[in-house]
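S.K.: Here you go, sequence then predicted model.
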Amino acid sequence: MSIPFKTVAAATLLALAFGGASAQTTASSTLDKIKTSGKVVLGVREASPPMAYMLGAGEKYVGYHVELCERVLKDIVPQAKLEYMAVTAQNTIPLVQNGTLDIGCGPTTNNTARQQQVAFALTTYVSEVRMATKVDSGITSLEQLAGRNVSASTGTTAVQLLRKRERAQNVSYNTMLGKDHLESFLLMESGRADAFVLDDNLLAGIIANSKNPAAYRIVGEPLGSEPIALLFRKDDPAFKAAVDDSLRRMMKSGDLEKIYAKWFVAAIPPKNTSLNLPMSTALKQLMLEPNDKPLEAYAK
């Protein structure tokens, strides 16, 4: 069954995000809003494989978190039409806050600061923030990045972790910000940056779909572990409960593990390459004991 897709330019999204609050954020619940409108708006990413990315010229959005979103919504609001809106790490939360998005399906880290703005579902991925470098660069550790150019994507927690390490280790990086992950990768690919710092799963996806995957590798110790989750409006317990209950059923039945294997172990489009990232011990434990703990709980 074909599903209509909707892509909105970043500039338009930002205008929506900051150009006045929507009454929907304080009026009815998300479930009531969806029932009234007959549709649900999913915030997706254009370039964050394997979590959420675009295939073709704006024709279809796919990925681990996109499929989880679709499965959850078909479970809790089966009659609603799914509409897809392209968003970035920077504007996802404002668009959820003002009611433009009903659910964020990109790879968003759950932390305490963001919990003041939006609500997160149960954690469905645990990532490690690491760096990608060129194989011939000779760079294998974070210590070698002192004084060098490092790329990161605007609005990601990787930027915060780099700055935290600068303070803790008394080192300095020349952090170059890309507007999205592909632009950040291009900074490293073109030689303008010596490394690109991001979640390991996203790095693996970008490398697998690059022109020459064998030219890059993920190296160095993790800057941190991060719980990744779907997100939606804060102070809407009914919607959160519905989403969480659906995810719990998928975890218990084994369906979530199958969806994970589809995107992280099996070959994925467009190049039909595998990321070879089996489910981590931390995520397997979360399947047994689901929770929505923020990043700060992982740092303890």
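M.R.: Everything's here; your move. Numbers count the residues shown, from 1 in each chain.
S.K.: Leu198 contacts Val150, correct?
M.R.: No - assessed by Cβ atoms under 8 Å, Leu198 is found out of contact with Val150, at 10.8 Å. Heads up, the C-betas are built off the backbone N, CA and C, glycines and all.
S.K.: quick one, which of these two is more surrounded?
M.R.: Leu198 (29 against 23; other Cβ atoms under 10 Å).
S.K.: returning to that earlier point: can you list residues touching both of Leu198 and Val150?
M.R.: Met131 (Cβ atoms under 8 Å, 6 or more residues apart in numbering).
S.K.: Ala299: neighbouring residues, count only.
M.R.: Ala299 has 10 nearby residues by other Cβ under 10 Å.
S.K.: what's the closest non-adjacent residue to it?
M.R.: Using Cβ to Cβ, 6 or more residues apart in numbering and skipping residues adjacent in sequence, the residue nearest Ala299 is Gly224, 6.8 Å away.
S.K.: For the one you found, the count of nearby residues, please.
M.R.: Neighbours of Gly224 using other Cβ under 10 Å come to 19.
S.K.: pLDDT score for it?
M.R.: With respect to pLDDT, Gly224 has a value of 86.
S.K.: Give me the sheet partners of the strand or helix carrying it and which way each runs.
M.R.: Gly224 is part of strand 216-233, with elements assigned from DSSP states H and E. Sheet pairing of strand 216-233 (DSSP bridges) gives strand 103-109 (antiparallel), strand 118-120 (antiparallel), strand 125-134 (antiparallel).
S.K.: Buried residues, the shortest one. List them.
M.R.: Across strand 118-120, burial judged by 16 or more other Cβ atoms under 10 Å covers 118-120.
S.K.: so how far is it from its chain's centroid?
M.R.: Mean C-alpha position of strand 118-120 versus that of the full chain (Cα atoms, centre = their mean, to the nearest Å) differs by 14 Å.
S.K.: From the centroid of this protein, which residue is nearest?
M.R.: Taking Cα atoms, centre = their mean, the centroid of the chain lies closest to Pro107, which sits 0.9 Å from it.
S.K.: Quickly note the distance from Lys164 to Ala158.
M.R.: Remark: distance between Lys164 and Ala158 (Cβ to Cβ, to the nearest Å) = 11 Å.
S.K.: picking that back up, skip ahead from the strand holding Gly224 and say which helix or strand is next.
M.R.: helix 237-253.
S.K.: which other helices and strands contact the next helix or strand after that following helix?
M.R.: For helix 237-253, the succeeding helix or strand toward the C-terminus, using DSSP H and E, is helix 255-264. Helix 255-264 makes packing contacts with helix 64-76, helix 237-253, helix 281-288 when contacts are defined by 3 or more Cβ pairs under 8 Å, 6 or more residues apart in numbering; DSSP states H and E.
S.K.: what about Lys164 and Ala158, which has more around it?
M.R.: Ala158 (28 against 13).
S.K.: Now do the buried residues in the helix or strand hosting that one.
M.R.: Applying DSSP H and E as the criterion places Ala158 in helix 157-169. Neighbour-count burial for helix 157-169 flags 157-162, 165 (criterion: 16+ other Cβ under 10 Å).
S.K.: now the residues you listed as TSV including pLDDT and distance to Asp180?
M.R.: Output for the buried residues of helix 157-169, formatted as TSV (pLDDT from 0 to 100; distance: Cβ to Cβ, whole Å):
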residue	pLDDT	distance to Asp180
Thr157	86	15
Ala158	93	13
Val159	95	13
Gln160	91	17
Leu161	93	18
Leu162	96	17
Arg165	94	23
